[in-house]
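**Student:** what's the 3D shape of this:
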Amino acid sequence: MVGKKRQLDMMKDFIAFNLRKEDYGYEAKLKYYGDISERYTLVDLNSSGTSDKSVSLSNLLDDIYDLQLNPPSFPRRGNPNYRYRDQTEILVSLPIEQSNGRSKYLRERLVKSIKDKEDTEQSLNEHYQRLTSQHGSLSLLPFAFYLSYEWVEQHKDLEKKSPQEALKLSTEELKRRFDKIIKKMKSNKRYTPVCGYSRLILVDEDFRPFYLVNFFFEGGDLNHLLVSDIWNQWLESRPTNEREDDQCGCFYYFESQHKPCSDDVPGLIMRSPGNRIRHFENERDILIDEFPSLVGSYVSSFKKRIVKALTNTPKGHKAFFQLQAMRFNTLGNIRAISFSDDLTYRTAKEKKEKSEKRKAKKEDVTNTGIKKKNKVARD
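**Tutor:** Numbers count the residues shown, from 1 in each chain. Below is the predicted model:
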């Protein structure tokens, strides 16, 4: 039906787990644990109390795999070898009618995680819709920003802290560096075409947090210079005791002209957005991006991978938002997603005018409230 809003339904990818009655009788397209982990990250925080120390980080897919190999009705056979998880067929069932406490708990966590991802995709699309309604056609420049291993090495005490505390410290450093970039962008005239961004905190399967940022620019004739400049600003935001060569990140290019020369952006990996969001250090991921024709013969485990060609269009952008949402996980009290509809460069005069308008609007609201209060008092 024309104009009907598309219903987000990631649950269809989890038919193998028997989560919904309405999926009964439908063939599962994703039958192996690797089919799921190739597309989704299922990391969550489990709380056994009220303090940060009572919170633990766990890989939900690992927990379900453990349940499959150690079913509740049999004596436990020991801890699984998770190296074989992705090659294992999904045989565990998590229907709504659960009598076993552990199975019920895992089902609840899985359903919540899927719902969070669907909500995230919807939020990304709604933000994008707001921007396009204001600015028309947009170009998308997405970056993944990581903390360097040098920073992790200098903060070895993170291993001694609770997962929540360690996450908080890492995300605070990411925020400090990202805020510096945004401040510079707002004060630099070359960023006049930028009109907003969306920012997600994602966590890989090694529980390493990173920023996934979508920068939106007006028009479609961008070249590689802005990409190089944004990355150089990330390099400049690093602590003074860190080397430039140790910094790491990823740029997802929708247009070939957006790709800078690798010598100009040390530490930045370039990837096609259709290859999904994966761990930036995986050499096989680089192989599939740069030499997809060799994948079938050189890396057998990647034969099933389908690389989508995502274009620099609303359809391509929304498809990439879905890939981002599939990797998204809520992180307790850490704000894992944020949006900006106003990242436009302004002159000092324009900034002053906007500040005065904001002040006048605030005073108008205050005065209106006072008038209403006085009117009620008279009545």
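
**Student:** Which secondary structure element of this protein has the lowest mean pLDDT?
**Tutor:** Of all helical and strand segments in the chain, the minimum by mean pLDDT, DSSP states H and E falls on helix 295-298, at a mean of 41.

**Student:** mind listing what's buried in whichever helix or strand comes after that one?
**Tutor:** Next along the chain after helix 295-298, taking DSSP states H and E as the criterion, comes helix 314-326. Applying a neighbour-count criterion of 16 or more other C-beta atoms under 10 Å, one finds 316-326 buried in helix 314-326. C-beta here means a position set from N, CA and C on the backbone, and glycine is covered the same way.

**Student:** Ok, stretch 182-189 next?
**Tutor:** 182, 185.

**Student:** could I get it in PDB with only the CA atoms?
**Tutor:** Backbone C-alpha positions of stretch 182-189 (Å, rounded to 0.1, in the frame of the first residue of the first chain) are rendered in PDB as follows:
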ATOM      1  CA  ILE A 182      32.400  18.800  17.000                       C
ATOM      2  CA  LYS A 183      33.700  22.000  18.500                       C
ATOM      3  CA  LYS A 184      36.200  22.500  15.700                       C
ATOM      4  CA  MET A 185      33.600  21.700  13.000                       C
ATOM      5  CA  LYS A 186      31.300  24.300  14.400                       C
ATOM      6  CA  SER A 187      34.000  26.900  14.200                       C
ATOM      7  CA  ASN A 188      35.400  26.000  10.800                       C
ATOM      8  CA  LYS A 189      33.900  27.600   7.700                       C
END
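
**Student:** and that stretch, how far out from the chain's middle?
**Tutor:** In terms of C-alpha atoms, centre = their mean, to the nearest Å, the gap separating the centre of stretch 182-189 from the centre of its chain is 24 Å.

**Student:** about what we covered before: can you put the buried residues of helix 314-326 in CSV and add pLDDT and distance to Ala336?
**Tutor:** Shown next, in CSV, are those (pLDDT from 0 to 100; distance: C-beta to C-beta, whole Å):
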residue, pLDDT, distance to Ala336
Gly316, 94, 24
His317, 96, 20
Lys318, 96, 20
Ala319, 94, 21
Phe320, 95, 18
Phe321, 96, 15
Gln322, 95, 17
Leu323, 95, 16
Gln324, 96, 12
Ala325, 97, 12
Met326, 96, 14
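
**Student:** So, low pLDDT: which residues of the stretch 101-250 of the chain?
**Tutor:** 158-159 (pLDDT under 70).

**Student:** List just the nearest of the buried residues of helix 314-326 to Leu94.
**Tutor:** Met326 (19.0 Å; C-beta to C-beta).

**Student:** unless I'm mixing things up, that closest one is touching Ser37, no?
**Tutor:** No - counting by C-beta atoms under 8 Å, Met326 sits too far from Ser37 to count as a contact (10.8 Å).

**Student:** domains for the protein, by residue range?
**Tutor:** 10-112, 135-348 (automatic domain parsing).

**Student:** among the ones you listed, which is nearest Thr120?
**Tutor:** Comparing these by C-beta to C-beta, domain 135-348 comes nearest, at 4.2 Å.

**Student:** Residue for residue, what is the longest helix this structure has?
**Tutor:** In the chain, taking DSSP state H as the definition, the longest helix is helix 101-135.

**Student:** after it comes which helix or strand?
**Tutor:** Taking DSSP H and E, what comes next after helix 101-135 is strand 138-145.
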